[in-house]
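> using only what follows, build the 3D model:
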Amino acid sequence: MNEHTSNSGNFNRRAVIKWSGAALGVAALGGLGSAPAARAAQLWLPRARPLFKKGDVILFQGDSITDAGRSREKAGEANNQAGLGSGYAWLAGAELLVNRPDDGLQVYNRGISGNKVFELAERWQRDCLDLKPNVLSILVGVNDLWHTLDGKYHGTVEIYERDFLALLERTRKALPNVKLVVCEPFVLRCGAVNDKWFPEFDGYRAAAKRVAAASRATFIPFQSMFDEAVKYAGPAHWAGDGVHPTSAGASLMAYDWLRAVAGRSA
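Numbering: from 1, shown residues only. A predicted model of the protein is given here:
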């Protein structure tokens, strides 16, 4: 298998503090295409072997964690902050644009709050295949369990894995050269997350990793990242309700995503 993983386990306290602020700081820089901003980013965003090349379309897909309040009216405009939301997709996308101002990258976000895998499939032609992404990043899974706990859905981990694998097979068939990124679903033990989530939620995490391996996708272990981060700040610092990241949590996600997908060294 041609599976790639980011080495999230190598965090230490200094790295957690540094990168949780750095991602936000660079994303907030004005003039994303300016040379000074690009040089500033290169001081801490060294280049290696990214998954993308000049002119590529990068698409973030998933549920509310990816959605992050994005504007539906601006969704069709590449690299538009309102259209990218206020979460990790915007932070990661903005850093790419800062660091690679002349590459003509087009970054989109089509995450929709509340979505489960089958709901991604229902809108996949319009919100994915028609965009012809070169790099497709998907984070989905928390609702596939959460909505079973409140009686709104009757899925299982087997359905999640089957549907997720079918979705990626469909994607590969339509876009044979697409580079896939599968993000590990995660939760933190606070807010809405209690003992009812476990051990079943761990099965969804394992299923996402199997899907990534079977689909030859880059796998980003977000849960491992947050498990390390809570050693230095409590769970609510990273995700107040245990599911939706705070600004600090989104920054760590952007950091890990970039390290895996853009080839940034730690």
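
> now the strands for the stretch 1-150 of the chain?
Along the stretch 1-150 of the chain, counting by DSSP state E, counting those that start in this stretch, strands occupy 4-5, 57-62, 106-109, 135-139.

> can you put the ones you listed in CSV and add distance to residue 162, mean neighbour count and mean pLDDT?
(Each C-beta comes from the backbone N, C-alpha and C, glycine too.) Shown next, in CSV, are the strands of the stretch 1-150 of the chain (distance: least, C-beta to C-beta, whole Å; neighbours: other C-beta atoms under 10 Å; pLDDT from 0 to 100):
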stretch, distance to residue 162, mean neighbour count, mean pLDDT
strand 4-5, 23, 16, 48
strand 57-62, 18, 26, 98
strand 106-109, 26, 23, 98
strand 135-139, 15, 25, 98
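
> can I get those in TSV with distance to residue 175?
Below are the strands of the stretch 1-150 of the chain laid out as TSV (distance: least, C-beta to C-beta, whole Å):
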stretch	distance to residue 175
strand 4-5	19
strand 57-62	10
strand 106-109	14
strand 135-139	8
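
> quick one: closest of these to residue 127.
Taking C-beta to C-beta, strand 57-62 is the member of the strands of the stretch 1-150 of the chain nearest to residue 127, at 7.2 Å.

> using PDB, write down the CA coordinates of that closest one.
The C-alpha trace of strand 57-62 is given here as PDB (Å, rounded to 0.1, in the frame of the first residue of the first chain):
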ATOM      1  CA  VAL A  57      -7.500  22.200  -7.200                       C
ATOM      2  CA  ILE A  58      -7.600  21.300  -3.500                       C
ATOM      3  CA  LEU A  59     -10.900  20.400  -2.100                       C
ATOM      4  CA  PHE A  60     -11.800  20.000   1.600                       C
ATOM      5  CA  GLN A  61     -14.900  17.800   2.300                       C
ATOM      6  CA  GLY A  62     -16.700  16.600   5.400                       C
END
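
> thought residue 70 was touching residue 113, still the case?
No: applying C-beta atoms under 8 Å as the test, residue 113 and residue 70 come out as separate, 9.5 Å apart.

> out of the two, which sits in the more crowded spot?
Applying other C-beta atoms under 10 Å to residue 113 and residue 70 shows that residue 70 carries more neighbours, namely 26 against 15.

> could you check how far that one is from residue 169?
Distance, residue 70 to residue 169, using C-beta to C-beta, to the nearest Å: 27 Å.

> and the helices in the stretch 1-150 of the chain?
Ranges of helices in the stretch 1-150 of the chain, per DSSP state H, counting those that start in this stretch, are 13-27, 35-42, 64-67, 81-84, 88-99, 117-122, 124-127, 142-149.
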